[in-house]
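# Sequence isn't available, so here's the structure alone:
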């Protein structure tokens, strides 16, 4: 009996020593300075602020712009000004680079292909060189790391999400101030298999800029306006309605969502930063958005101007919020502070309840996050659903951390037999 107890205690000790909180943070560095870096954060400690260089003995590149996990063994990073998609393994080792997508922006994946938006007007593909009047989406086969197909969308496309075999692309028209075109207001829908444009949905909101967040069928899309007379807004977009052909598939909220992410309960957490060229000042809003309620009530409900724990006070104390993220495996919450944009920034961590846990020095302009699964998790047996990398098993009833539930929650989003269910 004593031997069994000892073995049990040893097993607990091993589990405690396993890393549970594993975050990869992209630091953009300064544009055109070729000083983008990766911070690797594990269980309350910054392990390295130049992780890619430590592992590969070379630079990451200029202005990394997005990061996603493709499958168990592969991570993709868009390095915008270096014009490469960098592929690495979860231990940080460089696997391959795709150099055929200039001015690349945001990423999505189905596990077999990586889809990337580009502001550029040209792309190298397996079938030759292709040119575009506007921007486009490129489809990269991860077996060869070559572009196998493209689809032209609007000018300067940004955020991209995959839902039910379709890509949803937010167009900005962000170069309108310097090129001969207007700001865009559309979300382009593409058949991911054929890479053919299905249709454009006009949201009426200009400049749909930044990485969008996804919770099941819902997207959170930021519209920063024109920084002069058109105010910032947030578009909550219903992909299911859009695929059904319903033009009334979105709701516009009078909040900015410059930095947004998906929470474990299916809601969106958003920090809105409004900038005005009239005053040269920023104003902020901090909100939690329930996308289901927003769509059902046509925007009359579903928005709370309150955050859990001490988060609101802590965020308001930051010099310049520059990113926000919830670890989809553990629920721990993160934000970054860019400060002056020219010196080292900071990574701030909260518990899932919103209690402040620490502030950590990182690199210049820390912005984009990816959580790795906790040590010991077998992600090959977990089915990915299209809501910012949340993981759930395909049968039974589970919360969005993949933990089995015996009783359904009174309210919120959960998974039952592989189906996403909202309970009011």
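Yep, it's here. Since the model is a prediction, treat every value here as computed from it, not as a measurement.
# Identify the residues contacting residue 130.
Listed by CB atoms under 8 Å, 6 or more residues apart in numbering, the contact set of residue 130 reads 122, 123, 124, 150. Where you see a C-beta, it was placed from the backbone N, CA and C, and this is true even at glycine.
# Count the neighbours of the second one for me.
I take that to be residue 123. Applying other CB atoms under 10 Å, we find 23 other residues in the vicinity of residue 123.
# which other helices and strands contact the helix or strand hosting it?
Using DSSP states H and E, the element containing residue 123 is strand 122-125. Contacts defined by 3 or more CB pairs under 8 Å, 6 or more residues apart in numbering; DSSP states H and E place strand 122-125 against strand 128-131, strand 136-141, strand 146-152.
# Give me whichever of those is most buried.
Stretch with highest mean neighbour count among those: strand 136-141 (a mean of 24; mean count of other CB atoms under 10 Å).
# Contacts for that strand next, please.
Here strand 136-141 has contacts from 85, 98, 100-101, 104, 112-118, 120, 123, 125, 146-153, 157, 160, 167, 169, 190, 192, 195, using CB under 8 Å, 6+ apart.
# what does stretch 293-304 give?
For stretch 293-304, the external contacting residues (CB under 8 Å, 6+ apart) are 218, 236, 238, 241, 251-253, 255, 287-292, 424.
# quick one: low-confidence parts of the stretch 251-400 of the chain?
376-400 (pLDDT under 70).
# Residue 293 - that's part of a strand, no?
No. According to DSSP: H, G, I helix; E, B strand; the rest coil, the state of residue 293 is helix, so it is not within a strand.
# What distance do you get for it to residue 267?
Separation of residue 293 from residue 267 (CB to CB, to the nearest Å): 9 Å.
# of those two, who's got more company?
Remark: of residue 293 and residue 267, residue 267 carries more neighbours, 26 against 18, as counted by other CB under 10 Å.
# correct me, but the more buried one touches residue 307?
No. Applying CB atoms under 8 Å as the test, residue 267 and residue 307 come out as separate, 11.1 Å apart.
# and stretch 328-343, which residues are buried?
328, 329, 330, 331, 332, 333, 334, 335, 336, 337, 338, 339 (16 or more other CB atoms under 10 Å).
# Please apply the same query to stretch 239-253.
By 16+ other CB under 10 Å, the buried positions in stretch 239-253 come out as 239, 241, 242, 243, 249, 250, 251, 252, 253.
# and the end-to-end length of it?
With CA to CA, to the nearest Å as the measure, the first residue of stretch 239-253 is 17 Å from its last.
# Need the contact partners of it.
Residues contacting stretch 239-253 (CB under 8 Å, 6+ apart): 161, 163-164, 166, 168, 187, 189, 201, 203-205, 217-219, 223, 233-238, 289, 294-295, 298-299, 303.
# Do a quick rundown of the helices in the protein.
Using DSSP state H, the helices found in the chain span residues 2-17, 51-56, 239-243, 291-297, 311-316.
# ok, back up a step: show me the buried residues of stretch 328-343 that map onto strands.
Among these, DSSP state E puts 333, 334, 335, 336, 337 in strands.
# Out of the buried residues of stretch 239-253, which two are the most distant from each other?
Pairwise distances among those were taken by CB to CB; the largest, 22.2 Å, belongs to 243 and 253.
# Now residue 175: closest residue in space, sequence neighbours ignored.
Distances taken as CB to CB, 6 or more residues apart in numbering place residue 156 nearest to residue 175, at 5.5 Å, with adjacent residues excluded.
# any idea how far residue 209 is from that neighbour?
8 Å.
# Need the residues touching each of the two.
Both residue 156 and residue 209 are in contact with 172, 174, where contact means CB under 8 Å, 6+ apart.
# ok, now which ones touch residue 29?
35, 36, 37, 62, 63, 363, 364, 365.
# Show me which pair in those is furthest apart.
Pairwise distances across these (CB to CB) peak at 13.6 Å, for the pair 62 and 363.
# all strands for the stretch 151-300 of the chain, in order.
157-163, 166-171, 186-191, 196-202, 213-215, 218-223, 233-238, 250-253, 259-262, 268-276, 281-289 (DSSP state E, counting those that start in this stretch).
# and the angle for the first one with strand 186-191?
Interaxial angle, strand 157-163 versus strand 186-191 (axes from the mean of the first three to the mean of the last three CA atoms, to 10 degrees): 40 degrees.
# ok now do residue 123, which residues does it touch?
Contacts for residue 123 (CB under 8 Å, 6+ apart) come out as 100, 101, 102, 129, 130, 132, 136, 138, 147, 150.
# Revised request: answer the last question for residue 155.
Residues near residue 155 by CB under 8 Å, 6+ apart: 134, 135, 171, 172, 173, 174, 175, 176, 179, 181, 184.
# Could I have the ChimeraX command that selects the buried members from the residues you listed?
Here is the ChimeraX command that selects only those of these that count as buried (16+ other CB under 10 Å):
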select :134,135,171,172,173,174,176,184
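# of the contacts of residue 155, closest to residue 344?
Of all the contacts of residue 155, residue 174 has the smallest distance to residue 344: 27.7 Å, by CB to CB.
# wait, doesn't that closest one sit right on residue 183?
Yes. Contact criterion CB under 8 Å: residue 174 and residue 183 qualify, at 7.5 Å.
# Name the strands paired with the strand holding residue 123 and say parallel or antiparallel.
Strand 122-125 sits in its sheet next to strand 128-131 (antiparallel), going by DSSP bridges.
# Name only those of the contacts of strand 136-141 that count as buried.
Using 16+ other CB under 10 Å as the burial test, the contacts of strand 136-141 include 85, 98, 100-101, 104, 113-118, 120, 123, 125, 146-147, 149-153, 157, 160, 167, 169, 190, 192, 195 as buried.
# Excluding chain neighbours, what is closest to residue 27?
In this structure, residue 27 finds its nearest non-sequential neighbour in residue 363, 3.7 Å apart by CB to CB, 6+ apart.
# give the contact list for the one you found.
Here residue 363 is in contact with 27, 29, 37, 39, 49, 50, 344, 345 (CB under 8 Å, 6+ apart).
# ok, back up a step: could I get the contacts of residue 130 in a markdown table, plus columns for distance to residue 76 and pLDDT?
Formatted as a markdown table, those follow (distance: CB to CB, whole Å; pLDDT from 0 to 100):
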| residue | distance to residue 76 | pLDDT |
| --- | --- | --- |
| 122 | 21 | 97 |
| 123 | 16 | 98 |
| 124 | 17 | 97 |
| 150 | 17 | 98 |
